[in-house]
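Participant: Just the structure for this:
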Amino acid sequence: MLVPVCSADPPDASGQVVPGVASSPLVSLLRAPVRRARVVAATSRLVAIVVEAAAPQVVCVTAGAGGALPCALTVDGSVPYAEVGTVVAVGSGRVQLPGAVVTTIRWRPVRPPVLTDPGSCFARAAGCPTPDLPPALVEYADELAMVLAGGAVSPTALAAPVQALLGFGPGLTPAGDDVLTAALVALHAAGDAATSSLAAAIAAGRPFERTTALSAGLLHLAQTGLAVRQLTRFVEALGTPGADLTASGQALLRVGHTSGAAMYLGAVAALRRRRPV
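Facilitator: Modelled structure (predicted):
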């Protein structure tokens, strides 16, 4: 469960100034007045921060490949050090970390997938292989696909497969969440009415309490079709006759340890039995 932000003061603006390139979905968050936030995950290449609000928001200070995230503030070189639980400040175009201030110098556009022929994605998804993933994960994804195959679906009908997938697996983005993220993005791109039902079922599962804060933030962005660029390109290839589906699929499969494979599974599962509604 996400720990509430404590009353300690955030760090001041002193220290090293580090320029960063921010993903466009962060515009409203970074341009807002300064607010307290908390570090919820930290590795050598990523510091994930949650800003408490009516709906918590996530920003990730990243280096290198982490810039593919739709909530990334990407820096050159190494990510400034911060410990999990540290109170920081976000707003007025910057993220204030202990000993460093990451400032936004430009924006990186992030957009949902654009399909030239949305109807074709259902047939193309049906021809995609199932990635080599744990049988339980594949089973849960198939249960999601079976519910979606029923035509018009409600959040209640989707509750069981969503509950099984939400938070399933280890890591900063559990594989079950990656499946759900990709399913949302694929359905949104296809203009499918099930997108809102799936988003509602995920929200009812209280993701900020069931899974990691980073993963919950990515699920929220996926409701509007926003995701890592490799997933965007794969979904675009599904809905673009003549596109190199094999190449885009291989690029997605190379993301992370299992994240790319789980997202591949989720996109294909959401569409392979589905028909436009």
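
Participant: CA only for contacts and neighbour counts going forward, please
Facilitator: OK.

Participant: for the helix or strand hosting Cys121, packing partners?
Facilitator: Using DSSP states H and E, Cys121 sits within helix 120-126. Secondary structure elements in contact with helix 120-126, counted by 3 or more C-alpha pairs under 8 Å, 6 or more residues apart in numbering; DSSP states H and E, are helix 229-238, helix 259-272.

Participant: mind checking how far the shortest one is from the chain centre?
Facilitator: I take that to be helix 229-238. Centroid separation between helix 229-238 and its chain, computed with C-alpha atoms, centre = their mean, to the nearest Å, is 14 Å.

Participant: Show me the contact partners of it.
Facilitator: 68-70, 112-115, 120-122, 124-125, 182, 185-186, 189, 226, 243-245, 248-249, 251-252, 255, 260, 263-264, 267 (C-alpha atoms under 8 Å, 6 or more residues apart in numbering).

Participant: Equivalent analysis for the longest one, please.
Facilitator: Residues outside helix 259-272 that contact it (C-alpha under 8 Å, 6+ apart): 121-128, 130-133, 138, 141-142, 144-145, 148, 173-176, 178-187, 231, 235, 249, 252-255.

Participant: what comes up buried for the helix holding Cys121?
Facilitator: Of the residues in helix 120-126, 120-125 count as buried by neighbour count, 16 or more other C-alpha atoms under 10 Å.

Participant: ok, of those residues, which one's closest to Leu29?
Facilitator: Distance to Leu29 across those (C-alpha to C-alpha) is lowest for Cys121, with 33.4 Å.

Participant: Look up how far Gly127 lies from that closest one.
Facilitator: In this view, Cys121 and Gly127 are 10 Å apart by C-alpha to C-alpha, to the nearest Å.

Participant: ditto for Phe168
Facilitator: Using C-alpha to C-alpha, we find Phe168 at a distance of 26 Å from Gly127.

Participant: okay, these two: which has more neighbours?
Facilitator: Neighbour count, other C-alpha atoms under 10 Å: between Phe168 and Gly127, Phe168 has more, with 20 against 10.

Participant: rewinding a little: now the contacts of helix 229-238: which count as buried?
Facilitator: Buried subset of the contacts of helix 229-238 (neighbour count, 16+ other C-alpha under 10 Å): 68-70, 112-115, 120-122, 124-125, 182, 185-186, 189, 226, 245, 248-249, 251-252, 255, 260, 263-264, 267.

Participant: pLDDT below threshold where in the protein?
Facilitator: The chain contains residues with pLDDT under 70 at 1-15, 54, 65-67, 275-277.

Participant: which residues in it form helices?
Facilitator: Applying DSSP state H to the chain gives helices spanning 27-31, 120-126, 135-148, 155-165, 175-189, 194-204, 207-210, 213-222, 229-238, 245-253, 259-272.

Participant: May I see the buried residues of stretch 154-164?
Facilitator: Going by 16+ other C-alpha under 10 Å, stretch 154-164 has these buried residues: 154-155, 157-164.

Participant: Of these, which pair is most distant in space?
Facilitator: Across the buried residues of stretch 154-164 (C-alpha to C-alpha), the longest gap, 16.8 Å, separates Ser154 and Ala164.

Participant: count of residues packed around Ser23?
Facilitator: By the criterion of other C-alpha under 10 Å, Ser23 has 24 neighbours.

Participant: Surely it and Ala72 touch.
Facilitator: Yes. At 5.5 Å, Ser23 and Ala72 qualify as touching, with contact defined as C-alpha atoms under 8 Å.

Participant: who's in contact with Pro56?
Facilitator: If you count contacts by C-alpha under 8 Å, 6+ apart, then Pro56 has 50, 217 around it.

Participant: Let me see the domain layout of the protein.
Facilitator: Per automatic domain parsing, the domain ranges recorded for the chain read 16-108, 120-272.
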